[in-house]
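Asks: need a 3D model of the following:
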Amino acid sequence: MKRSRKVLLTLITVIILAVVGVFAWFFLHVFEGERPEVIVEPLPEFLSKGHRFTLEAEDAKGGLRSLRVSIDQAGREVTVVEKTFPYKGLFNSNGVHRHEVAFEIDPLSLNLAQGRAELKVEVFDHSRRGGGDGNRSLLTHSLTVDTMAPAIRALTRLHYINQGGSCLAVYQTSSDTEKSGVLVGGRLFPGFPSDDKDASGRYTCYFAVPHDMDADPPILLWAEDRAGNQTRTSFYHRIRSKRFRKDRMNITDGFLDRILPYFSFFPFSGRKTPIEKYLAINNELRRQNHQALETLQAESGPKRLWDGPWMRLPNAATMARFADHRVYYYQGEPVDEKDHMGIDLASLANSQVPAANRGRVLLAERLGIYGQAVVLDHGQRLMSLYGHLSSIQVSEGQEVKRGEMLGTTGSTGLAGGDHLHFAVLVNGVPVNPIEWWDPHWIEDNISKKLSILAEP
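Replies: Sure, this is the predicted structure:
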């Protein structure tokens, strides 16, 4: 009898525990207190135009009930997107309940005013907490509505540009401008603010028309503010088309035997014959070197370092001109063609090479086809290159004056004899150095324009 009673009590206890367990399980799931997780990307600082967002929300218990995205500005709240989701049920076995929603906020279509606004995202789950409303996750993000483009106008009036040449524009922008410059056929030449405190909002920009660009590329002033609003506007300019020389270059076996040992550092990737190796140097290595110069121009400082006409290698004859179109022949057959992006100057062997103008040494080492080379930064994305040197007398980071010796001429790299390859680059674009040697061109095209910065 006692044993039966004990068994009955045990059974009742098990039943009670089971009931309590089921009730606890039910309570914990129906009235669970875990909030949904929500992520919104991106979260920009500014809202200037229609912007797309992605919202990811998930809940591992009762599942998502609803979500709402709104934007509030000065007490006026506008709903951007609102969704509800069906209940999953207590016995859902699908794991986490997740939803992804893409939406767009267009300040113009929502009639948002300029200024601060708050993006608000609310997500509820199916919990019975909160009087049945469920657990709530709230994400807020403050941003600035700015749909007004910056202003920009040219201060210089005349802009005559030779094809393959350089030009300077002086312009003024509104105070909200973050970046600006000149667009030439879609390529940006950045502008730099004036150092003169009385010339606030005034910028200088050196730009170029590449020698191989179409005769009449679109050239525009460009400005962008912190919100990403952009302005493009035309200004007066005129491009003078130029015809460049053609030159025949005969490659001999003796020349190949002399220059190829210098390029032992270059991986020829299966090229076996001397002419195959030469073509790899003239194409692949040349392309790498030009890319290196393109990258190097980003290190140019914001201040103008140079002044006055640039120096030419003294007592030197011109051996090759800027933009000469060279056709290379080997054993009587054309094998390659390239444009010569500088001027070759020859004097006595191992002649001293002066800095064309004041600057800072960006590079003083081997540079592929240019052999031992020096690159000077003259500020505001203006650089000069001295190639094929036999020796280098300066080091990277050193500041040099106009006429200070950089090294001596030589025949290192892809050179047929002792000479200097001199090049000028504007924002990485090679331009005709003759302009920079000409004091009249400097006066008319640079100095007179820079005087505008001093005007009230």
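
Asks: can you give me the helices in the stretch 1-150 of the chain?
Replies: Using DSSP state H, counting those that start in this stretch, the helices of the stretch 1-150 of the chain run over 2-30.

Asks: with the stretch 201-350 of the chain instead?
Replies: Under DSSP H, counting those that start in this stretch, the stretch 201-350 of the chain gives helices at 253-259, 274-280, 286-296.

Asks: now do the same for the nearest residue to Lys338 once chain neighbours are set aside: its pLDDT.
Replies: Once flanking residues are discounted, Lys338 sits nearest to Arg326: 5.4 Å by C-beta to C-beta, 6 or more residues apart in numbering. All C-beta spots, glycine's among them, are computed from the backbone N, C-alpha and C. Here the pLDDT value assigned to Arg326 is 97.

Asks: can you give me every residue that contacts Arg326?
Replies: Going by C-beta atoms under 8 Å, 6 or more residues apart in numbering, Arg326 touches Lys246, Asp247, Arg248, Met249, Glu337, Lys338, Asp339, His340.

Asks: domain parsing for this protein?
Replies: Domain assignment for the chain by automatic domain parsing gives 33-145, 152-242, 246-430.

Asks: dump those domains into TSV; add distance to Lys448 as well.
Replies: TSV is the format used below for the domains of the chain (distance: least, C-beta to C-beta, whole Å):
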stretch	distance to Lys448
domain 33-145	37
domain 152-242	9
domain 246-430	14
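
Asks: looking at those domains, which is closest to Lys449?
Replies: Lys449 lies closest to domain 152-242 among the domains of the chain, at 4.8 Å (C-beta to C-beta).

Asks: ok, the nearest residue to Lys303 once chain neighbours are set aside - contacts?
Replies: In space, and not counting its chain neighbours, Lys303 is closest to Gly379: 5.1 Å by C-beta to C-beta, 6+ apart. Residues in contact with Gly379 (C-beta under 8 Å, 6+ apart) are Ser300, Gly301, Pro302, Lys303, Arg304, Leu305, Trp306, Gly359.

Asks: same thing with His99?
Replies: Glu56, Ala57, Glu58, Leu64, Leu67, Lys83, Phe85.

Asks: could you do Pro217 as well?
Replies: Neighbours of Pro217 in contact, by C-beta under 8 Å, 6+ apart: Val184, Gly185, Val209, Ile239.

Asks: and the pLDDT at it?
Replies: Model confidence at Pro217 (pLDDT) stands at 89.

Asks: any idea how far Asn445 is from it?
Replies: Using C-beta to C-beta, to the nearest Å, Pro217 is found at 19 Å from Asn445.

Asks: ok, now Val431?
Replies: 12 Å.

Asks: of these two, who's got more company?
Replies: Shown here are Val431 and Asn445; by other C-beta atoms under 10 Å, Val431 has more neighbours (29 against 21).

Asks: quick one on the thing from earlier: host element of the residue nearest to Lys303?
Replies: Using DSSP states H and E, Gly379 maps to neither a helix nor a strand.

Asks: likewise for Ser384?
Replies: Secondary structure from DSSP H and E places Ser384 in strand 382-389.

Asks: got the contact list for the next helix-or-strand element following that strand?
Replies: Following strand 382-389 in sequence order, the next helix or strand is strand 391-392 (DSSP H and E). For strand 391-392, contacts defined as C-beta under 8 Å, 6+ apart pick out Asn350, Ala364, Glu365, Gln372, Val374, Leu406, Gly407, Thr408, Gly410.

Asks: which among these gets closest to Arg271?
Replies: Set against Arg271, the nearest of the contacts of strand 391-392 by C-beta to C-beta is Gln372 (24.2 Å).

Asks: distance of the closest residue to Glu45 other than its chain neighbours from Arg226?
Replies: Excluding the flanking residues, the one nearest Glu45 by C-beta to C-beta, 6+ apart is Leu143, at 6.1 Å. With distances taken as C-beta to C-beta, Leu143 is found 12 Å from Arg226.

Asks: Ala102 now?
Replies: According to C-beta to C-beta, Ala102 and Arg226 sit 25 Å apart.

Asks: who's more crowded, these two?
Replies: Arg226 (15 against 9).

Asks: now do that one, the pLDDT please.
Replies: 92.

Asks: what of Gly416?
Replies: Value for Gly416, per-residue pLDDT: 92.

Asks: is it true that it touches Gly254?
Replies: No - with contact defined as C-beta atoms under 8 Å, Gly416 does not count as touching Gly254 (10.6 Å).

Asks: these two: which is more packed in?
Replies: Legend: neighbour count by other C-beta under 10 Å for Gly416 and Gly254, higher for Gly416 (16 against 8).

Asks: give me the element the more buried one is part of.
Replies: Per DSSP H and E, Gly416 falls between elements, in no helix or strand.

Asks: ok, the nearest residue to it once chain neighbours are set aside - how many residues close by?
Replies: Computed as C-beta to C-beta, 6+ apart, the closest residue to Gly416 that is not its neighbour in sequence is Phe255, at 6.5 Å. For Phe255, the tally of surrounding residues (other C-beta under 10 Å) stands at 16.

Asks: quick one: low-confidence residue ranges for the stretch 301-450 of the chain.
Replies: For the stretch 301-450 of the chain, applying pLDDT under 70 flags no range at all.

Asks: if any of the contacts of His99 are buried, give me the PyMOL selection for them.
Replies: This is how PyMOL selects the buried members of the contacts of His99, with burial counted by 16 or more other C-beta atoms under 10 Å:
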select buried, resi 57+58+64+67+83+85
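
Asks: just put the contacts of His99 in TSV and tack on pLDDT and distance to Pro36.
Replies: Listed next are those as TSV, based on pLDDT from 0 to 100; distance: C-beta to C-beta, whole Å:
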residue	pLDDT	distance to Pro36
Glu56	93	11
Ala57	90	6
Glu58	88	7
Leu64	86	6
Leu67	92	9
Lys83	92	13
Phe85	88	11
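
Asks: just the contacts of His99 now: which is nearest Gly201?
Replies: Comparing the contacts of His99 against Gly201 with C-beta to C-beta places Glu56 closest, at 42.9 Å.

Asks: what residues are up against that closest one?
Replies: Applying C-beta under 8 Å, 6+ apart, we find Glu56 in contact with Val38, Ile39, Val40, Arg98, His99, Glu100.

Asks: show the contacting residues for the third one.
Replies: Listed by C-beta under 8 Å, 6+ apart, the contact partners of Val40 are Phe53, Thr54, Leu55, Glu56, Leu119, Val121, Leu139, His141.

Asks: top of the residues you listed by neighbour count?
Replies: Compared across the contacts of Val40, Val121 has the highest neighbour count, 22 neighbours, by other C-beta under 10 Å.

Asks: how near is the residue lying closest to it once chain neighbours are set aside to Leu108?
Replies: Closest residue in space to Val121, ignoring its immediate chain neighbours: Leu139 at 4.3 Å, by C-beta to C-beta, 6+ apart. Note on Leu139: its distance to Leu108, by C-beta to C-beta, is 24 Å.
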